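Participant: I'd like to go over a predicted model; first the sequence, then the structure.
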Amino acid sequence: MKEKIVSLQSLIQHYVQDGDTIAMEGFTHLIPFSAGHEIIRQNKKELTLIRMTPDLIYDQIIGMGLVKKLIFSWGGNPGVGSLYRLREAVEKGFPNPLQIEEHSHAAMACAYQAGASGLPFGILRGYTGTDLAKENPDYIKWINCPFTGERLAAIKAINPDVGIIHAQQADKKGNIKIWGITGVQKEVVYASKKVLVTVEEIVEELDDKQQGIVIPHWLVTGISAVQKGAHPSYAMGYYKRDNGFYKSWEDISKDFDRFSLWMKDNVL
Amino acid sequence: MKEKIVSLQSLIQHYVQDGDTIAMEGFTHLIPFSAGHEIIRQNKKELTLIRMTPDLIYDQIIGMGLVKKLIFSWGGNPGVGSLYRLREAVEKGFPNPLQIEEHSHAAMACAYQAGASGLPFGILRGYTGTDLAKENPDYIKWINCPFTGERLAAIKAINPDVGIIHAQQADKKGNIKIWGITGVQKEVVYASKKVLVTVEEIVEELDDKQQGIVIPHWLVTGISAVQKGAHPSYAMGYYKRDNGFYKSWEDISKDFDRFSLWMKDNVL
Amino acid sequence: MEYTKEEMMIITASKMLQNGEVCFVGIGLPSTACNLARLTHAPEIVLIYESGTIDTKPHILPLSIGDDILAETASTVVSVPEIFNYWLQGGKVDVGFLGGAQIDKFGNINSTVIGPYRNPKVRLPGAGGAPEIASNAKRTFVIMKQSKRSFVDKVDFITSAGFLGGGNERKDLGITGEGPTCIITDLGILEPDPETKEFLLTHIHPGISLEEVKNNTGWELRISENLKTTHEPSKNYLEVLRDLQERTSNSHSQSTL
Amino acid sequence: MEYTKEEMMIITASKMLQNGEVCFVGIGLPSTACNLARLTHAPEIVLIYESGTIDTKPHILPLSIGDDILAETASTVVSVPEIFNYWLQGGKVDVGFLGGAQIDKFGNINSTVIGPYRNPKVRLPGAGGAPEIASNAKRTFVIMKQSKRSFVDKVDFITSAGFLGGGNERKDLGITGEGPTCIITDLGILEPDPETKEFLLTHIHPGISLEEVKNNTGWELRISENLKTTHEPSKNYLEVLRDLQERTSNSHSQSTL
């Protein structure tokens, strides 16, 4: 596509393929819910999803049976409890068996950083004595510091096929501005082969009074303007986190039929 | 000392010792010239100085015979030519022999980052085939990626005894605000055992409209307000780089007697 | 003033924190205890959440680790890699404050699975920031409700290392942080034996019997020779805590949809 | 229009750059050539300086790599670790543009010492960003005045790897970037033989004799069978370049002391 700023439908249709490895990031803040919903509507399948905190959006995509593998570091409903669709997939293989690749936050941030830095791995002082390291030698190994001999963890880099984030603003050229909690979004942008961004609004000039980060336009593959595109997560300066909805997800997601109905009514 | 905000004289006297390893950073911007001059006036000796770009300030401290070792990655007068005091120390051992530990910028940034991250080394895809790596096995080694087998450089971490930076603002509590080019200042602050900061001004509230970084007060050991404390380098928002002076340094520093006279007239 | 066991636990935990300490805060009970400390005896305590919010001063408790209230009231917000690399791993955190689903007699925490890892009976949320908080904070406090199910002889899965097999094992493996120095529960306080690193009951909350504590511990709990009774919570702490929880509850029950 | 050899070199170099390319710029001649390209045929070229200034559009040339003018006209400013990790090492740079004190027939650059490293005759400024620009940019251009002293058979010190000993040595060692694809000088353009990677003269500037080029090369320079003559600089390029240099010179001669 020639145009960088397109409809959400077109953005997902052109740049997300069945079988892709996709990182949708946003640490509590700016979670790209609308983009995730469009992936569900377009029935993109056999996905490997990457996210530090899968949150409700991945619970939904997993519950819809579109995910074959999840790479993550904390899979709960923050402050509320479980992600029941994720749990059923792991505990009962329902609606599909779900492979998992599991990290700690520090290790996963390290893996993204390595990916963004063009390195095959990152190093971490951590994981010593834990079972996560013992269970997952495919992506957690040990190296010795060549100067001190100290044993440190080596974490395999993460380089998604597609990185998807939500941001407050884009200008018409496609430069992106994010402020507030920026999580690992910068790292995902640099680590991913394709970068898709939904934004609250397209502006003439990016707000340069907000402390935040700018992502230069030539790193961005495609952009779509989606108001409230992070709800029930939030977009600082636009709307607040819908903690009430996060709490109500507990009951919606617990039962598959109720979940399916909710998805039908609210997403499909 | 109980007080965090003190005179420059007191700052250097209390927190800098003979024989210390000191990093005074500021990548072209915000170079802590006044702090360096105070170190010269107080005749702190046997110093190990660390700076990516030694710049005029280290040329001066070296020329005054106070330095035993320099850790750096580019030692010139930017856009002008040589640092003659540094050159004479290396080429002729005058006024003292100078040990050097030499990096590329990427490797030195990596070493600071490792230091800031509490790691004994950082990894770099670089240095392959270069003589810097061959000549300096004490701090440049090679490791193999435990996942891909790729050979990468390992750079020994830098953790200075004292990190000194210049910033635009401090508030009364001691929080620091820096904007414009921030170089490796954040890394130096996190990597150093003591952190000294000179600032253009002490303000009631930090300017939160400027895109930049905030260094929380409890990371800062001591602060001193020094107007034009970075001249002939610059402080964005306060004064511009004195490129004319940088050019004139060529003639001042070439000849030791002229240099000594200039130091006597302008610094001592 | 009357109080619940949970209030006793939270207030006791909050009192472990000193003014001026830099504290890496987990969500839930740790966050409640840390903010209570900030609103009472430790106004200068520095609270850091793994979302990158530094020195945050929320007037209600965040539901998640990255609520807007945390960013809005922070001195500065940094990226997630920076919080883990420069702050936690870089040795800038005095106290890590953790919860968990299971803990064992050597202070190892499980927040990953009940049952076998590859075939779990219950899949829990997982590690999050805990493993590196547990290893890289200068010391850690744990706050957990005591029960036979959660205080076990051996955790099903070591998510976060305590003293591992006990004795010097943690130190010998090169883990830098001191480890869990106490477990604050709704029944008392457990602290490690200096040699074996097995957790002993060192404080019991007022009105709680030793019997009750033992019945809610999944290993043969040893009692310190020097067992003390914890101080009752004062009216002030109870009022500040209840106000905080009420403000929080009002705020979280609203959906903005 | 009359022009100097230096002008010919800078203008020829600027023409190698394509609109839209992301270019990591060294100070001095590379910076002049890159900004000239931006002010003529490549208005959308992205210039990145190692000070962390991204997509900068200075109206005068910076004297240093981190002049205020670079920060003021940048799309965004990032830290130095970020520019080297995420941009250069992360593979986001199309063209690295370098100078140097010495270059050899395989495009290896020396900017460290003349004479032995431990006992140098002349101590040069050193590496700076060059080694990783030379290895991690997708390809590199080199701009240097040609002379027997600077174009040598073998450099005294390899600061930045070109094709090392020639042939496939660079690739076999796993260096990711393609390496120096041309050396633009005041006398012509040198490009590597596809097999041996030895640099050959492929273009000669108008009015320059082969004799002069050979006399200013420290190795037995081979001439491409397909030698071309470079285009003369147009009036427009010369005027834009001279204006830029005049504005720059006026600005840099003022001391603010």
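Facilitator: Received, thanks. Numbers count the residues shown, from 1 in each chain, chains lettered A, B, ... in the order given.

Participant: Residue in the stretch 101-250 of chain A with the shortest distance to chain C?
Facilitator: The stretch 101-250 of chain A approaches chain C most closely through A:G244 (3.0 Å), counting by CB to the nearest CB. From N, CA and C alone the C-beta is placed, and that goes for glycine too.

Participant: Which elements pack onto the helix or strand harbouring that residue?
Facilitator: Per DSSP states H and E, A:G244 falls inside helix A:243-254. Helix A:243-254 makes packing contacts with helix A:55-63, strand A:76-77, strand A:81-82, helix A:84-92, helix A:256-266, helix C:235-252 when contacts are defined by 3 or more CB pairs under 8 Å, 6 or more residues apart in numbering or on different chains; DSSP states H and E.

Participant: and the nearest residue to C:T56 once chain neighbours are set aside, what is it in contact with?
Facilitator: Excluding the flanking residues, the one nearest C:T56 by CB to CB, 6 or more residues apart in numbering or on different chains is C:A74, at 4.2 Å. Contacts for C:A74 were tallied using CB atoms under 8 Å, 6 or more residues apart in numbering or on different chains; they are C:T53, C:I54, C:D55, C:T56, C:K57.

Participant: Point me to the helix or strand that includes whichever residue of the stretch 151-257 of chain C sits closest to chain D.
Facilitator: Distances between the stretch 151-257 of chain C and chain D by CB to the nearest CB are smallest at C:T176, namely 23.0 Å. Counting by DSSP H and E, no helix or strand carries C:T176.

Participant: who in the stretch 151-257 of chain C is up against chain B?
Facilitator: C:T176 (CB under 8 Å from any CB of the partner chain).

Participant: ok, now the stretch 1-150 of chain A?
Facilitator: A:118-123, A:125, A:139, A:141-143, A:145-148, A:150.

Participant: Quick check: of these, which lies closest to B:H37?
Facilitator: Here the nearest of the residues of the stretch 1-150 of chain A next to chain B to B:H37, counting by CB to CB, is A:F147; it sits at 34.7 Å.

Participant: measure the closest one to C:N136 for me?
Facilitator: Going from A:F147 to C:N136 by CB to CB, to the nearest Å gives 20 Å.

Participant: Looking at these two, which one has more neighbours?
Facilitator: C:N136 (26 against 15; other CB atoms under 10 Å in any protein chain shown).

Participant: Run through the strands of the stretch 151-257 of chain C in chain order.
Facilitator: C:151-152, C:180-184, C:188-192, C:199-204, C:223-229 (DSSP state E, counting those that start in this stretch).

Participant: which residues of the chain score low on pLDDT?
Facilitator: Went with chain A since none was named. In the predicted model of chain A, residues A:1 satisfy pLDDT under 70.

Participant: nope, chain C
Facilitator: C:254-257.

Participant: if you set the cut-off to 50 instead, what comes out?
Facilitator: Within chain C, the set of residues satisfying pLDDT under 50 comprises C:257.

Participant: Determine which two of the contacts of C:A74 are furthest apart.
Facilitator: Taking CB to CB as the measure, those have their most distant pair in C:I54 and C:K57, spaced 10.9 Å apart.

Participant: Compare the two (neighbour count), which wins?
Facilitator: C:I54 (22 against 17).

Participant: That one contacts C:T76, correct?
Facilitator: Yes. At 5.2 Å, C:I54 counts as touching C:T76 under the criterion of CB atoms under 8 Å.

Participant: Common neighbours of these two, please.
Facilitator: Common neighbours of C:I54 and C:T76 (CB under 8 Å, 6+ apart) are B:P216.

Participant: ok so, going back, format the contacts of C:A74 as JSON lines; extra columns: distance to A:M108 and secondary structure.
Facilitator: Rendered in JSON lines, the data for the contacts of C:A74 read as follows (distance: CB to CB, whole Å; DSSP: H, G, I helix; E, B strand; the rest coil):
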{"residue": "C:T53", "distance to A:M108": "19", "secondary structure": "strand"}
{"residue": "C:I54", "distance to A:M108": "20", "secondary structure": "strand"}
{"residue": "C:D55", "distance to A:M108": "25", "secondary structure": "coil"}
{"residue": "C:T56", "distance to A:M108": "22", "secondary structure": "coil"}
{"residue": "C:K57", "distance to A:M108": "28", "secondary structure": "coil"}
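
Participant: Show me what counts as buried in stretch A:233-241.
Facilitator: By 16 or more other CB atoms under 10 Å in any protein chain shown, the buried positions in stretch A:233-241 come out as A:S233, A:Y234, A:A235, A:M236, A:Y238, A:Y239, A:K240, A:R241.

Participant: Chain neighbours aside, what residue packs nearest to A:Q99?
Facilitator: A:K69 (4.1 Å).

Participant: dump the residue contacts of that neighbour.
Facilitator: A:K69 neighbours (CB under 8 Å, 6+ apart): A:L47, A:T48, A:L49, A:L98, A:Q99, A:I100, A:E101.

Participant: closest to B:Q17 among those residues?
Facilitator: Nearest member of the contacts of A:K69 to B:Q17, counting by CB to CB, is A:E101, at 49.3 Å.

Participant: What about the closest one, how many residues nearby?
Facilitator: When neighbours are counted by other CB under 10 Å, A:E101 comes out with 18.

Participant: which neighbours does the helix or strand in which it is found have in its sheet, and in what orientation?
Facilitator: For A:E101, the element it lies in under DSSP H and E is strand A:99-102. Paired strands of strand A:99-102, with direction, are strand A:67-72 (parallel) (DSSP bridges).

Participant: Buried residues in the partner strand, which are they?
Facilitator: Those would be A:V67, A:K68, A:L70, A:I71, A:F72, for strand A:67-72 by 16+ other CB under 10 Å.

Participant: Name the residues that touch the helix holding A:G244?
Facilitator: With CB under 8 Å, 6+ apart, helix A:243-254 has contacts from A:56, A:59, A:63, A:77-85, A:231-232, A:258-259, A:262, C:63-64, C:67, C:251-257.

Participant: Mark which of the residues you listed are buried, thanks.
Facilitator: Counted by 16+ other CB under 10 Å, the contacts of helix A:243-254 give A:56, A:59, A:63, A:77-80, A:82-85, A:231-232, A:259, A:262, C:63-64, C:67, C:251-252 as buried.

Participant: Near chain D, which residues of the stretch 51-200 of chain C are found?
Facilitator: Residues of the stretch 51-200 of chain C lying close to chain D (CB under 8 Å from any CB): none.

Participant: Can you report how many residues lie near the residue of the stretch 51-200 of chain C found nearest chain A?
Facilitator: Nearest to chain A, among the residues of the stretch 51-200 of chain C, is C:G66, at 2.7 Å (CB to the nearest CB). By other CB under 10 Å, the residues close to C:G66 number 31.

Participant: Same check on C:N168?
Facilitator: 12.

Participant: if I look at it, how far off is chain B?
Facilitator: 22 Å (CB to the nearest CB, to the nearest Å).

Participant: A:A225 now?
Facilitator: When A:A225 is compared with chain B (using CB to the nearest CB), they lie 24 Å apart.

Participant: sorry, back to before: from the contacts of A:K69, which single one is nearest chain C?
Facilitator: Checking the contacts of A:K69 one by one against chain C (CB to the nearest CB), the nearest turns out to be A:I100, at 8.9 Å.

Participant: Okay, helices next: where are they in chain A?
Facilitator: If DSSP state H is used as the criterion, the helices of chain A fall at A:8-15, A:33-41, A:55-63, A:84-92, A:105-116, A:131-135, A:185-191, A:243-254, A:256-266.

Participant: among those, which is the most enclosed?
Facilitator: Of all the helices of chain A, helix A:105-116 has the most neighbours on average by mean count of other CB atoms under 10 Å in any protein chain shown, namely a mean of 29.
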